[in-house]
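Participant: pasting a predicted model and its sequence here:
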Amino acid sequence: MDKLKLKGKIIICTILLIINMIPLSAQKTGIKTNVLYLATTTLNTGLDFKFSEHWSGSIMAGYNPWLFSGGNTKLSTGEVTSANRKALHILVMPEVRWWPHKTFKRHSFGLHTIYSTYNISGLPYPKALQNSRYRGNLYGLGISWGYQWSIGKRWGIECAIGAGYLWTCYNKYEAGACGEPQGKGHHGFIAPTKLALNIVYYLN
């Protein structure tokens, strides 16, 4: 948990540095949140910024610090203990997008990268998480399509989907608190990388 918090602080400081380097007063800039991501109990926010009439950039960050109650698991010793349910993670997704009509209007096509550090266990699904805890890092590259509607001068709603290639390396433990190590692994796979219903507020 301490290492996750340290990584979180480093990532947040890096994001703030990037935001500070963007000339917000000179470009149209929006702050957004993904309500679908919020529904998973993950705090998230993003920044959109205009490069030109057809190009924009964005950076999205999510943070889930919660421990969930309920559920038990059986350790290899035979002891029954709390399932240690949690979906602790930090996620960062930078993206570049092209808008055929006009920036922040109608359709967009994007290319994004993903970095996440996670500590997840005791969840009812997928099945692999029911009796094991996984702690590691996730990397990804994907493409996306989105559509944005303007609501007045300052507000917008955007839906977006994406898919790409993900690669993760992890340590595996028993799901209970202080569970015994069960080995290490890595895995690469093609999967959805983005599902968003964003509410956007434009600063200028």
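Facilitator: Nice, I can see it. Only a predicted model underlies this, so the values are computations on that prediction, with no experimental measurement involved. Numbering: from 1, shown residues only.

Participant: gap between the longest strand along the chain and the chain center?
Facilitator: Taking DSSP state E as the criterion, the chain has its longest strand at strand 181-202. Relative to its chain's centre, strand 181-202 lies at 6 Å (CA atoms, centre = their mean, to the nearest Å).

Participant: quick one: strands adjacent to it?
Facilitator: Strand 181-202 has the following strand partners under DSSP bridges: strand 29-34 (antiparallel), strand 155-174 (antiparallel).

Participant: could you single out the most deeply buried of those strands?
Facilitator: Mean neighbour count (mean count of other CB atoms under 10 Å) peaks for strand 29-34 among these, with a mean of 20. For glycine as for every other residue, the C-beta is placed from the backbone atoms N, C-alpha and C.

Participant: buried set for the longest strand of the chain?
Facilitator: Neighbour counts over strand 181-202 (16 or more other CB atoms under 10 Å) mark Gln182, Thr193, Lys194, Ala196, Asn198, Ile199, Val200, Tyr202 as buried.

Participant: and it, average pLDDT?
Facilitator: Averaging pLDDT along strand 181-202 yields 90.

Participant: which one of the buried residues of strand 181-202 sits closest to Lys50?
Facilitator: Tyr202 (9.9 Å; CB to CB).

Participant: surely the closest one is in contact with Gly30?
Facilitator: Yes - if you go by CB atoms under 8 Å, Tyr202 and Gly30 touch, sitting 4.7 Å apart.

Participant: joint contacts of these two?
Facilitator: Taking CB atoms under 8 Å, 6 or more residues apart in numbering as the contact rule, Tyr202 and Gly30 both touch Phe104, Gly156.
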